[in-house]
Every structure is written in C-alpha cells, then in structure tokens.
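J.: Structure for the following, please:
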Amino acid sequence: MFGKKRREKIQREHEARQAQERFERNERAGKEIYARMAELKNVPRENLPDAVFMLSMAAKHQSEQIRQSIKDRTRYDFDFDTLTDSDLATYLAEDAAYALRDHVTNPQTFFEAMSEQLPDVHFTIQQQDAVSMMAAMIREQRLEGILEGLRLAGLLNEAPKRRRTSPETDGLG
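T.: Model (predicted):
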C-alpha cells in the first residue's frame, strides 16, 4: 500500500514537472506573439493586413497545439470550433470552466478518515495547462479583433500595392 502511494506521488511530481515545462514553453511562444503584435506599429500600412493575418494564424496554431496537448493527456476535447448563436466569449468561458472543474478524488481509507486526512484530488487538466490555454485564447481573440478592425477600415479588402520592378510587370515589354 505504501509502495503504491509512493509510486503515485512520484508520478504526480513527474507530471507536475512536465506541466511546468509545457507552461514555460507556451509562455515563451506567447511572449513572442505579443512582441510581434507590438512590432505591428512599425509595419507599413500596405503590409499590415498580411502581417496581422500571419500573426493570427500563428496564434491559432499555438492554441490548437495546446488544446491537442491537453486532449492527448486527458481525453478532454475542447469544441471551440462549433458555432454558437449566443455570445462567443461566454461560450468559450463556459466550456473552459466545465473542463477545469473535472477532477478525480481517491476515496478515503478508514485510516485517513479516522486521522482526518483529506482525500487526494487530482484535476484532469493541470493549472499550468489551463493558464496556457486561456492565454492562447485571449491572444487569438485579440488578433481576431485586430483583423475585424482592418476589415471595418477597408484595409483587408484592398489588394496590396506591389512595386513594379520589371518591364514585364510594368506592361512595357
């Protein structure tokens, strides 16, 4: 019995180390996306839609990687791609909250109950993974807002103005 508890403790410590490593990796990727967002101020207006779109794709890719990582470990599938008739932010928050409440509690042994020890509770999705997922969702939604602003300003619908550098493209040849 004590060997089983020791193995479980070692397994939990190993999972916690892995979760911390994933969190740090996701945090670095998030900082890189925010740095690229800050650099958008220096992008020429004609290149801005392409730059924002590429950055949005990078943010979506990171979000998908985090969700897939969580799904691979926990079998919980976030269904964020489903369209909803209600508020998207509320829908995303409800799904995330539901997933984060999911946990497993080991039943107390007679000895633990008599000594007033609380049972072990293990959450399906670790805190670091949940934070990474929520941060990625916020970055993704922020970039969607920037894209929507570009659409409203009419910049997303314009064809980029290319410099003519050869006789074939100038129509002189």
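J.: Strands along this protein, start to end?
T.: In the chain, the strands defined using DSSP state E lie at 103-105, 121-123.
J.: average pLDDT for the first one?
T.: What that stands for is strand 103-105. The pLDDT scores in strand 103-105 average 59.
J.: what about the longest helix in the protein?
T.: In terms of residue count, the longest helix belonging to the chain (DSSP state H) is helix 2-39.
J.: Now do that one: which elements does it pack against?
T.: Contacts of helix 2-39 with other secondary structure elements, assessed using 3 or more CB pairs under 8 Å, 6 or more residues apart in numbering; DSSP states H and E, are made with helix 48-74, helix 127-152. Quick note: C-beta positions are derived from backbone N, CA and C, even for glycine.
J.: Pull out the buried positions in the last one.
T.: The one in question is helix 127-152. Using 16 or more other CB atoms under 10 Å as the burial criterion, the residues of helix 127-152 that qualify are 128-130, 132-133, 135-137, 139-140, 143, 146-147, 150.
J.: what distance separates that helix from the centre of its chain?
T.: Here the centre of helix 127-152 is set off from its chain's centre by 8 Å, with CA atoms, centre = their mean, to the nearest Å.
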